[in-house]
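> fold the stuff below for me.
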Amino acid sequence: MGSLSNLFSPISIGTMQLKNRIAMAPMATSFANDDGTVSPQLRDYLEWRARGGAGLIITGVATVDRFSPYAARTIGLWDDSLIPAFAELTKAAHAHGAAVAPQLAHPGPESLSPFFHKVQAVGPSAVMCYSTRRMCRELGVDEIEAIVEQFGDAARRAREAGCDAVELHAAHSYLLVGSFLSALRNRRTDAYGGSIHGRLKFPLEVIRSIRAKAGADFPIIVRLSGDELVPGGRDIRGTQFIAPILAEAGASAFHISSGVFPQKSWRILPPTGSAPALNVGFSAAVKQVVDVPVMVVGRISDPHLAEDILKRNEADVIVMGRALLADPDLPRKAAEGRFDDIAPCIGCGLGCIKRGRDGMGPLSCVVNPTVGREREMALKPAAERKKVMVVGAGPGGLEAARVAALRGHEVTVYEKDAGPGGQFNLAAVPPLKQELTKVISYLATQLDKAGVVVKLNTEVGPELVEQTRPDVVIVATGGEPFVPKLPGVEGEKVVSAHEVLSCRQRVRARNIVVIGGGMVGCEVADFLANAGDNPVLGRVAVRIITSKTEVGLDMVPEGRTLLMQRLREKGVEIVGSATVKELFADGVLFVRDGKEEAIRGVDLIVLARGARVVDRLSARLSGVVGEVYVIGDAREPRTALEAIAEGAEVARTI
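From the prediction side, this is the model:
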């Protein structure tokens, strides 16, 4: 596929030397201690990425003010007492040849101070705080000057902790520096606002304070939105104007993203189906006007794509975030030419975005359940080699087989269908979801390399288990569509979303109703609907009926934003707060606001009401097999995040 000579060439950012052009993006983890110190969990998480070959580790936000937290369990550099634990992190990363740069920030308008300290959040102007749904308070000039000093002090502590640089978060009209820099949130009429020069005053003062307190030779990376991409926001021409000014003041490099939070958060955290390398046009434009290195972030998970960006001189350093969650060893594997062994990031956001926002726990990853548990879940050889039968070749079963085989067990996977993948094969059918197939391809390749036998078109019952006499059976048979008990549900025009996506049902309908407004219902509607502008496809009208007030609420917000946009473009009608009572031969009866309503002239009714457990085996193996485990949807219908995690965990215990 060609050399990766650019990607694995060294580069200097000021006095900081990087061994290659791969930097780890800063990401919120909730791994720090409650007091803001670096915990052993956070240190291990970042050390594993350093050990995997990243040239630069940019930590998540390190707050400069103890009373303005960014999130729960976020690291801080607001006090000298935080230096020793940070020094342990830098020492661990340096042992693997990686440089370290904390991302310094004052959360400003997005601070959680109202919840943690009962203190109103602050900003350049009194504007809405999206994280808290409350107004922030406009800072006085004396307060601004004090915060400028806090940034300088935090950078000095970073240097004393052995860090090689700091990154200043000034992007996304977000946090304090980014808010001052953006006209979207800075509405001041004094010296700190009113014009681009006024909006630059605060970030310039922060840079000067860092240079004064941490040393003029201490590198400062500035993260910027190349284009804010909303009306009234800064465009790329504006960024080209401010970048040289920031560089002259002391910025040693720029880290280019795009968009603003939350209006364009899908640009900040590009979801499944969004374009890869979507910010390289902006980074290339910034490179035209500055003489310092330019870094670029945004769905760059393929090493060959990264190499091409560098070769085209569109950036100098590639910043990878979620790709290094999925596989911390990506740089090392790429350098060794082991591309098939790289666990793929699919942009799903289930573990790295939605999990934290929903209060389900700290950072995780669908394809890598070891995130945040690197030391705990390190693979160890099995004490006793066992014969393991995995029933079901969905992602959970495949991961269980992979881990069990790597630990030395004799593993055979049985799958009733003609190929591996399970429900991931269906999830990959709707528009812009095709990259989900990468996970199955990766796992199938790893099983082959590990010597796992995969038997397809094979249904497993107690008789087969008795014949093969395994020591362990892992039941990963997944789920099946839930069919609600409704009059008319057995009608010939009623099908499941699974039947539609698996092409078992040939769809010729022009007037369709989807019952269920979760992710599956919305994606089936996206798959079926067409506005009619293309005469070849013709008009396909789709209505979604849901008991909720809105649809897609179980989705990652960034992905939901783009899906809702497509549904609007295709004319999909949403019937919310409706309870379906009966299905007709040509329609649906439902109740909304206490009144019965009916939709007639329907050609097809698609049920998308979730799944139910499929486990017809485990209870019948009592007394037959010593160890029986049930994972994934066969245990309880949930997402691939839980299925793969359970497969990984079970396989480590046998």
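> any idea where the strands of the stretch 201-350 of the chain begin and end?
Listed from the start of the chain, the stretch 201-350 of the chain has strands (DSSP state E, counting those that start in this stretch) covering 220-225, 253-257, 294-297, 317-320.
> domains in this protein, by residue range?
The record assigns the chain these domain ranges, following automatic domain parsing: 11-357, 387-481+613-653, 494-609.
> could you dump these to a markdown table with mean pLDDT, distance to Ser364 and mean neighbour count?
Yep, even glycine has a C-beta here, placed from its N, CA and C like the rest. Putting the domains of the chain into a markdown table (pLDDT from 0 to 100; distance: least, C-beta to C-beta, whole Å; neighbours: other C-beta atoms under 10 Å) gives the following:
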| stretch | mean pLDDT | distance to Ser364 | mean neighbour count |
| --- | --- | --- | --- |
| domain 11-357 | 96 | 3 | 21 |
| domain 387-481+613-653 | 96 | 7 | 20 |
| domain 494-609 | 94 | 13 | 18 |
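> nearest to Leu379, of the ones you listed?
Closest to Leu379 of the domains of the chain, according to C-beta to C-beta: domain 387-481+613-653, at 5.6 Å.
> measure that closest one end to end?
14 Å (C-alpha to C-alpha, to the nearest Å).
> if I look at the residue lying closest to Gly394 once chain neighbours are set aside, how far off is Val439?
The shortest distance from Gly394 to any residue other than its chain neighbours is 2.5 Å, reached at Gly422 (C-beta to C-beta, 6 or more residues apart in numbering). When distances are taken as C-beta to C-beta, to the nearest Å, Gly422 and Val439 turn out to be 11 Å apart.
> next: Glu88.
When C-beta to C-beta is the yardstick, Glu88 and Val439 sit 34 Å from each other.
> tell me the contacts of the closest residue to Ile654 other than its chain neighbours?
Spatial nearest neighbour of Ile654, chain neighbours left out: Val472 (5.1 Å); criterion: C-beta to C-beta, 6+ apart. The contact partners of Val472, by C-beta atoms under 8 Å, 6 or more residues apart in numbering, come to Lys386, Lys387, Val388, Met389, Ala404, His409, Val625, Gly626, Glu627, Val628, Tyr629, Ile654.
> wait, the last one sits on Glu384?
What it means is Ile654. No. Shown here, Ile654 and Glu384 do not form a contact pair, counting by C-beta atoms under 8 Å, at 9.1 Å.
> before we move on, back to that, overlap in contacts, Gly422 and Val439.
Here Gly422 and Val439 share the contacting residues Pro395, scored by C-beta under 8 Å, 6+ apart.
> angles on the backbone of the residue of the chain most remote from its centre, please.
Distance from the centre of the chain peaks at Gln467, with 43.6 Å (C-alpha atoms, centre = their mean). Backbone geometry at Gln467, expressed as degrees, to the nearest 10, gives phi -70, psi -40.
> go on, Trp78?
Recorded main-chain torsions at Trp78 are phi -90, psi -10, according to degrees, to the nearest 10.
> do Met24 as well
Torsion angles at Met24 (phi, psi; degrees, to the nearest 10) stand at phi -90, psi 130.
> gap between it and Phe590?
Met24 sits 50 Å away from Phe590, taking C-beta to C-beta as the criterion.
> switch the strands of the stretch 201-350 of the chain over to a markdown table; also include distance to Glu597.
A markdown table is the format used below for the strands of the stretch 201-350 of the chain (distance: least, C-beta to C-beta, whole Å):
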| stretch | distance to Glu597 |
| --- | --- |
| strand 220-225 | 45 |
| strand 253-257 | 46 |
| strand 294-297 | 48 |
| strand 317-320 | 50 |
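> ok, which of these comes nearest Val580?
Across the strands of the stretch 201-350 of the chain (criterion: C-beta to C-beta), the nearest stretch is strand 253-257, sitting at 43.2 Å.
> how about residues contacting the closest one?
Strand 253-257 is contacted from outside by 13-14, 58, 167, 171-172, 219-226, 243, 246-247, 267-268, 279, 282-283, 286, 290, 292-298, 315-317, 319, using C-beta under 8 Å, 6+ apart.
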